[in-house]
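> Here's a sequence, model it:
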Amino acid sequence: MNLLEIVFEKLKTIFEAKFSNSFNNNRISLFNFSKNSTSLFEIRGGNRLSLDLTHANPEEKKQVKEKIIDYATQIEKEAFLVNPSLITIKKVKENLPDEAEQKLLEFYKDKLTPEMYTALEASIVVRNAFKRKEDIKELKQSIAKKHPSWGNNLCNMVSEGYFDDYFKNLYLNMFKDESFDIRAYQRNVESTVKSLPFTVFVTKYKSYEELSGEVRFKLSNLKKYGTGKLLIHGIGYENIITTQKLGEEYKSEVTDIKIDINQSKTIITSTLTF
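Below is the predicted model:
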């Protein structure tokens, strides 16, 4: 059974007659704690079962904590965030993905690796909490602890909108290649997320002067403390031209420039080594 099915079984045990079997017939695919108008259980949006513990008695509240909340935090592979803090759980339920974000998650569902997808879900919660000016330290640490090599970077990239735009365009352009392999896309995403500290993304939302300044700033810092390389990514014809122009501008300050362009000539990665 998956986590949702397990939660349903535990709810039946805890609430017995209060938990209607009809909930199983409503194609419920989401569960959360929320404030309901009058009842213990409500169905929201056609597929989300909402539980309001203010309508539960003390024993039922105790059982929910022991059998559901504590249990979920122990299932590391399936829990949304692995953290026993009730404050963190409260923040998660208050900042769950909205309708637009659910559509975004649906886009990535069969494209990212399971662990990357779960981290994306959690990072959207962090982004929403940040927008509400809440303390996100504990939420962010939970993701970074579970994925030490890229969790913090992914959180930052979600907050900056890279999964709303860049990685969607990356998939759509890679998909055009006859030799497209979803595993290649997954490797590309993971590699890009890991390389965030030494990467510049060329987009139409930044002027050439802004991009050039970012390249200069990162080159300067990386020469002092970095890995000896800077990656410049671009998607689309205009961004490819801009990426090549940036390479030309800084070629005298690096030892080598390697340019990789995909088969359809829509994706470019320029690697500057120094």
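
> On the three-state scheme, the residue nearest the centre of the chain is what?
When the chain is reduced to its mean C-alpha position, the closest residue under CA atoms, centre = their mean turns out to be Leu120, at 1.7 Å. In terms of secondary structure, Leu120 is helix; the call rests on DSSP: H, G, I helix; E, B strand; the rest coil.

> quick one: contacts for it?
105, 108, 112, 154, 158, 163 (CB atoms under 8 Å, 6 or more residues apart in numbering). Quick note: C-beta positions are derived from backbone N, CA and C, even for glycine.

> Where helices are concerned, which of the residues you listed count?
Helix and strand membership here follows DSSP state H; of the contacts of Leu120, those in helices are 105, 108, 154, 158.

> Would you mark the buried spots in stretch 253-265?
Within stretch 253-265, the residues that count as buried by 16 or more other CB atoms under 10 Å are 254, 257, 262.

> which SS state does the closest residue to the last one other than its chain neighbours fall under?
Sequence neighbours aside, Asp177 is the residue nearest to Asn262 in space, at 6.1 Å (criterion: CB to CB, 6 or more residues apart in numbering). The three-state assignment at Asp177 reads coil, by three-state DSSP.

> Find the pair from the ones in helices among the contacts of Leu120 with maximum spatial separation.
Comparing every pair within the ones in helices among the contacts of Leu120 by CB to CB identifies Leu105 and Leu154 as the most remote, at 13.9 Å.

> could the buried residues of stretch 253-265 go into a markdown table alongside distance to Ser195 and secondary structure?
Supplementary listing: these in a markdown table, determined by distance: CB to CB, whole Å; DSSP: H, G, I helix; E, B strand; the rest coil:
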| residue | distance to Ser195 | secondary structure |
| --- | --- | --- |
| Val254 | 16 | coil |
| Ile257 | 16 | strand |
| Asn262 | 18 | coil |
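
> quick one: which of those is nearest Glu238?
Asn262 (15.8 Å).

> The closest one contacts Asn173, correct?
Yes: between Asn262 and Asn173 there is a contact at 7.1 Å, judged by CB atoms under 8 Å.
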